[in-house]
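J.: return a 3D structure for these sequence lines:
(chains A and B)
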Amino acid sequence: RKEVEQDPGPFNVPEGATVAFNCTYSNSASQSFFWYRQDCRKEPKLLMSVYSSGNEDGRFTAQLNRASQYISLLIRDSKLSDSATYLCVVPRFGNTPLVFGKGTRLSVIA
Amino acid sequence: AAGVIQSPRHLIKEKRETATLKCYPIPRHDTVYWYQQGPGQDPQFLISFYEKMQSDKGSIPDRFSAQQFSDYHSELNMSSLELGDSALYFCASSLGRGYEQFFGPGTRLTVL
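T.: Predicted coordinates:
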């Protein structure tokens, strides 16, 4: 299994749709997990941190399944501004350094 | 809120030249990370520093070196540049190791 593997994109969804991304990781010792979003040619921006079973912030929900070693990101009521690449990030050893997934591209269409 | 500052934002160099990229972390952040992102690629970890000491080393070429100074800013020195070094170079900072990393806007390096 690759260190961090994400759903292949792109995901093209209409405004208002609910979309979910999955990410699997290989290091069972990882303690923290992150979702970043990256717009074209811009820096990755932290979207959510996950330290226990999950986290919720408005329309965004991240869930962690340690037994199956996967993390999911759910986006409800998609907005045009949600269009970006979503990167699943998992530390390699304990908490550092970070290993990025290849990213999943989301396009929200009007 | 103050963010990570990187300079320069754009840099054009010739093959075999040297380049120095600078990173100023968020105030009070003591850990700095460097990443390289090639076209269509995910960010690759290069190296990190915690309290001015190298803490982790990733896929940093031997031609590159980096350090963190007493004011916590960091510099990435790149020598004998190659065409394949053309990429976006991001610096990130965190308050302690293992915590959320916040990225700077990046330096776009083009090697001709």
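J.: C-alpha from now on. contacts and neighbour counts both.
T.: Fine.
J.: where's the residue sitting furthest away from the middle of chain A relative to A:Lys79, distance?
T.: Distance from the centre of chain A peaks at A:Ala110, with 22.7 Å (CA atoms, centre = their mean). For A:Ala110, the distance to A:Lys79 equals 9 Å [CA to CA, to the nearest Å].
J.: the lowest-mean-pLDDT helix or strand in chain B and chain A, are they touching?
T.: Each helix and strand of chain B was given a mean pLDDT (mean pLDDT, DSSP states H and E); the minimum falls on strand B:53-57 at a mean of 89. Yes: residues of strand B:53-57 contacting chain A under CA under 8 Å from any CA of the partner chain: B:Asp56.
J.: mutual contacts of A:Ala110 and A:Lys79, please.
T.: Common contacts of A:Ala110 and A:Lys79 (CA atoms under 8 Å, 6 or more residues apart in numbering or on different chains): A:Glu15.
J.: quick one on the thing from earlier: hmm, who's touching the least confident helix or strand of chain B?
T.: So strand B:53-57 is contacted by A:Thr96, A:Pro97, B:Phe45, B:Leu46, B:Ile47, B:Ser48, B:Phe49, B:Gln67, B:Gln68 (CA under 8 Å, 6+ apart).
J.: can you count the residues close to B:Leu112?
T.: 14 (other CA atoms under 10 Å in any protein chain shown).
J.: scratch that, A:Asp7
T.: Neighbours of A:Asp7 (other CA under 10 Å): 17.
J.: so what's the closest residue in space to it that isn't next to it in sequence up against?
T.: Excluding its sequence neighbours, the residue lying closest to A:Asp7 (CA to CA, 6 or more residues apart in numbering or on different chains) is A:Asn22, at 5.8 Å. Counting by CA under 8 Å, 6+ apart, A:Asn22 makes contact with A:Gln6, A:Asp7, A:Tyr70, A:Ile71, A:Ser72, A:Leu73.
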